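K.L.:
From the sequence below, what's the structure:
(2 chains)
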Number of protein chains: 2
Amino acid sequence: MADTSFSFTLTHRDGRARCGVLTTPHGRIETPVFMPVGTQGSVKAMTQAQLVEAGAAIVLGNTYHLHLRPGEAAVARRGGLHRFIGWPHSILTDSGGYQVFSLSSRRRVGEDGVTFQSHLDGSRRFLSPENVAAIQAQLGSDIAMAFDECLSYPVEHDVARTSMERTLRWARRGREAFLRVMSGEASANPAEAGSRAREPVTVTTPGQVQFGIVQGSVFPDLREASARGTVEIGFDGYAIGGLSVGEPSAQMYEVAEYTAAWLPEDRPRYLMGAGTPLDLVEAVARGIDMFDCVMPTRNARNGQLFTRQGKLNIKNAAFAEDDRPPDEACGCYTCRTHSRAYLRHLFLAGEMTAATLNSIHNIQFYLDTMEAIRDSIVFGRFEAFRQALRQAWSPRPPDP
Amino acid sequence: MADTSFSFTLTHRDGRARCGVLTTPHGRIETPVFMPVGTQGSVKAMTQAQLVEAGAAIVLGNTYHLHLRPGEAAVARRGGLHRFIGWPHSILTDSGGYQVFSLSSRRRVGEDGVTFQSHLDGSRRFLSPENVAAIQAQLGSDIAMAFDECLSYPVEHDVARTSMERTLRWARRGREAFLRVMSGEASANPAEAGSRAREPVTVTTPGQVQFGIVQGSVFPDLREASARGTVEIGFDGYAIGGLSVGEPSAQMYEVAEYTAAWLPEDRPRYLMGAGTPLDLVEAVARGIDMFDCVMPTRNARNGQLFTRQGKLNIKNAAFAEDDRPPDEACGCYTCRTHSRAYLRHLFLAGEMTAATLNSIHNIQFYLDTMEAIRDSIVFGRFEAFRQALRQAWSPRPPDP
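P.N.:
Below is the predicted model of the structure:
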């Protein structure tokens, strides 16, 4: 099962922060990396060309959403997710764990998996470690995530322990299912009904790899047990799940720090769902390599722009006559072409293009921030960059 | 008042169909031309770069909308509409006549102009031939339209006559106001309150020209009187207004035909608000040079794509597994990158990007159609092209 396409090589270190190169069947990714979220096969309000121009090397797709619509079988018949969505670079698909616990109604968690009602049509669905691996093999992402249970915050220690232990058992089953599917063994696919259940799963990206997810809420003993158990199973990379779910930032940083310490040095570490620009730099400082978050695109649609001087609410009357671009140091299409005054006008006028232009800028800001982080690590100046970013993003009177 | 930037030169004829080159302070436009509609300073769901890539040489902005928000004074302080919206090519602004009669509530038409309530905040507003000229001078479009009264369809002959005669009186006042404003004479601007009313109007595009609008509903005698009267006043180009408001296509073609015949050969003729691809070719056959219509972008947002084989409703289940682009003969970004299956998925998933990708394609289709029309005129094959388009667009079973 050795995969010759996938590799992760650390190239530079500065304290615990690290730079590396991750290669997948669809390209080369410099880490630390931010992955824009393309929930339903589209980063909201952006075209793939706009993402390529921004320099995105990898995007995230949501297994839960794509399973419900258009369905993994339809995607596989199109040749996999890359072809279906017209995205030439890498894709990571999440496990569905987060969505099934936050979006679906009447879910029932059993040892086998989770039965739930689709948020789209109320149909009864089932996700398990096995079929989540099979679904992702058909989607053909470059990086698949093992199925996990994502808890809300706060949660009692004994509830977190029970859940974490189940996630560990699911991780083992998910890993075995992934290896079976990728080796081409005829594999049951409970996500499909009838005779198809005995057909082999279509693997649309043969070099796909799988990451495990460490859970355990904010409890060090549980995080340690989860990390040790997940690493023992053996994955191509490791994610820290169950954070960025409402806990204070300081606590997220603390958990990321001690959890990362239990993960192997030579595998990528992915902090799921984080975060603000400050979260990114603080997590990199603790040895994290990969991030995803809806914040840049969601906030863009709400008129909030990220800049090197902090956040900017484009609705603000102060921008009505402001001819400057959102961020004078930014080279994105929006900043090259448009003023704050125009972006404010489009937003107030309810023009869809406001969402597009704001998203282009915010994604560029996140990708530029990651590039600046990488450069600072390469040149041994990460700590100085971190302090500068902290200062720019600490609470203060809004710009201008 | 001779304007050295503006010119219109006929280059080819085929029957009554004609090709020409229209130059404005912001570029060169080959006619017959289609102008995408950028109501509030943005062609809905598209960026200016996407419009440039599609080959748009001129877009339309709505005086009514831009007057209400952000207001012509704010636009003038930004250096005019081109700078404000980041659009380097030509802009035509309509007169506000159509919107004031279709969008605003509690309007009162008097000899002076129209008093109405803003559809945005209910504020009391006034548009007149004079201030519409002043507003457009501040917006700085390349082509301004004289203020007219646009009637609904059907309407009685005597109502149409009364209205047409007022539009003619307004045309004379609008022309005089335009010439005063462009010559830099201090000009009252009733759209502004207080002392500003006596300040000279800021002209943001000194080479702006003005077109008159022929009205008269579907009555040949009124159209003739309107055309003669408007031409007698003398404008840089002439529009046929009051069509594409609900009358049958055949009647629109008929009115366009006899009205165009009363307009001077050496000035551009603009059929306002039309239409379908069939309308465009039929109007070109009758000597029309310029068009605008929301159809390509509005239908795109509703999932309707224009193709060389006719219309295609992307929602249709038949496209769920269709890997072909919307139109195999189209070279737009959407057709180069995406399948019908993906576009259907995005539309059903409610992704904004569906509107963007569909709009890119439909605008390209309209611009390609105009290019094909121009080529067919140049090569003396217009009639064959017209028949082919008629055949493709005649009612028949939907594709595929």
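K.L.:
Give me the most central residue, chain A.
P.N.:
Centroid check for chain A by CA atoms, centre = their mean gives residue A:292 as the closest residue, at 3.1 Å.
K.L.:
Any residues of the stretch 201-350 of chain A in contact with chain B? List them.
P.N.:
A:320-321, A:323, A:333, A:337-339, A:341-342, A:345-346, A:348-349 (CB under 8 Å from any CB of the partner chain). C-betas here are computed from N, CA, C, even on glycine.
K.L.:
Tell me the one among the residues you listed nearest to residue A:230.
P.N.:
Among those, residue A:333 lies closest to residue A:230 (CB to CB), at 40.8 Å.
K.L.:
Over to stretch A:125-133 now: how far is its first residue from its last?
P.N.:
By CA to CA, to the nearest Å, the extent of stretch A:125-133 from end to end equals 16 Å.
K.L.:
List the beta-bridge partners for residue A:127.
P.N.:
residue A:114 (DSSP bridges).
K.L.:
is it true that it touches residue A:116?
P.N.:
Yes. Residue A:127 is in contact with residue A:116 according to CB atoms under 8 Å; the separation is 7.4 Å.
K.L.:
Can you check which residues contact both of these two?
P.N.:
residue A:100 (CB atoms under 8 Å, 6 or more residues apart in numbering or on different chains).
K.L.:
Same drill for the two, tell me which one is more crowded.
P.N.:
Ranked by neighbour count (other CB atoms under 10 Å in any protein chain shown), residue A:127 and residue A:116 place residue A:127 first, with 26 against 23.
K.L.:
Output stretch A:304-322 as PDB, nothing but the C-alphas.
P.N.:
The C-alpha trace of stretch A:304-322 is given here as PDB (Å, rounded to 0.1, in the frame of the first residue of the first chain):
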ATOM      1  CA  GLN A 304     -15.900  42.000   6.300                       C
ATOM      2  CA  LEU A 305     -12.500  42.300   4.700                       C
ATOM      3  CA  PHE A 306      -9.200  41.100   6.100                       C
ATOM      4  CA  THR A 307      -6.300  43.500   5.700                       C
ATOM      5  CA  ARG A 308      -2.700  43.900   7.000                       C
ATOM      6  CA  GLN A 309      -4.100  46.500   9.400                       C
ATOM      7  CA  GLY A 310      -6.900  44.400  10.700                       C
ATOM      8  CA  LYS A 311     -10.600  43.900   9.800                       C
ATOM      9  CA  LEU A 312     -12.600  46.300   7.800                       C
ATOM     10  CA  ASN A 313     -16.400  46.400   7.600                       C
ATOM     11  CA  ILE A 314     -17.100  47.600   4.100                       C
ATOM     12  CA  LYS A 315     -20.600  48.700   5.100                       C
ATOM     13  CA  ASN A 316     -19.100  51.400   7.200                       C
ATOM     14  CA  ALA A 317     -20.100  54.900   6.000                       C
ATOM     15  CA  ALA A 318     -16.500  56.000   6.400                       C
ATOM     16  CA  PHE A 319     -15.700  54.100   3.200                       C
ATOM     17  CA  ALA A 320     -18.300  55.800   1.000                       C
ATOM     18  CA  GLU A 321     -15.700  58.200  -0.400                       C
ATOM     19  CA  ASP A 322     -12.600  56.100   0.200                       C
END
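K.L.:
Having no further points to raise, I will conclude here.
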